[in-house]
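[1] task: produce atomic coordinates for the following.
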Amino acid sequence: MPKSKASKKSLPDALGGLALAVVAGYFGFDLGGDGDSAASSTAESTQAAATGDADTCTMSSLPAEAKDTADDILTGGPYDYPDNDNARFGNYEGRLPQQDKNYYREYTVETPGRHNRGARRIITGGGSETDPDVWYYTDDHYESFCSIPDAEE
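    So this is what the prediction gives:
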């Protein structure tokens, strides 16, 4: 039985639609049209952080372990993960303001019940190891950040 034109055309159309959905999902486009997707929210947070307008969070709003990590930073250690903490943070995701490559340092914020480093970090920048100019917190492994203006209080 010969194939109709409609059936020959439907496979490429279906594959094209699938490819479009995959590409849109990869780049965070909301094809649903509601404009309230997590990808949209993440893109806005990324844009805000890249322009220096990261959300602000107070130290008291963060987990208690963040205060412990901040205290360790201010005293120069010791750190819970000496091979990883006080290491250069590359900002490869571009979610923090662009700076020289050695500007940012990262530190682990413990997650109770985890047997590895988890996703929580404090990122500092500028100044000295024990007196950074800027402080950021992430609880989703560099997907989003908030600025901690009262970290040294």
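[2] can I see the domain layout of the chain?
    What the record gives for the chain is the domain set 6-36, 52-147, from automatic domain parsing.
[3] next helix or strand past the lowest-mean-pLDDT helix or strand in the chain?
    Ranked by mean pLDDT, DSSP states H and E, the weakest helix or strand in the chain is helix 38-50, scoring a mean of 39. Next along the chain after helix 38-50, taking DSSP states H and E as the criterion, comes strand 55-56.
[4] now do that next one, average pLDDT.
    Averaging pLDDT along strand 55-56 gives 94.
[5] what sits against the closest residue to E152 other than its chain neighbours?
    In this structure, E152 finds its nearest non-sequential neighbour in L74, 6.6 Å apart by C-beta to C-beta, 6 or more residues apart in numbering. All C-beta atoms are positioned from the backbone trio N, CA, C, and that covers glycine. By C-beta atoms under 8 Å, 6 or more residues apart in numbering, the contact list for L74 reads T130, D131, E152.
[6] give me the distance between the first one and N86.
    Spelled out, that is T130. T130 is 10 Å from N86, where distance means C-beta to C-beta, to the nearest Å.
[7] which parts of the chain are helices?
    5-27, 38-50, 64-75 (DSSP state H).
[8] so where's the protein shaky on pLDDT?
    Scanning the chain for pLDDT under 70 picks out 1-54.
[9] quick one: contacts for the closest residue to G118 other than its chain neighbours?
    Distances taken as C-beta to C-beta, 6+ apart place T111 nearest to G118, at 3.5 Å, with adjacent residues excluded. Contacts for T111 (C-beta under 8 Å, 6+ apart) come out as E65, G118, A119, R120.
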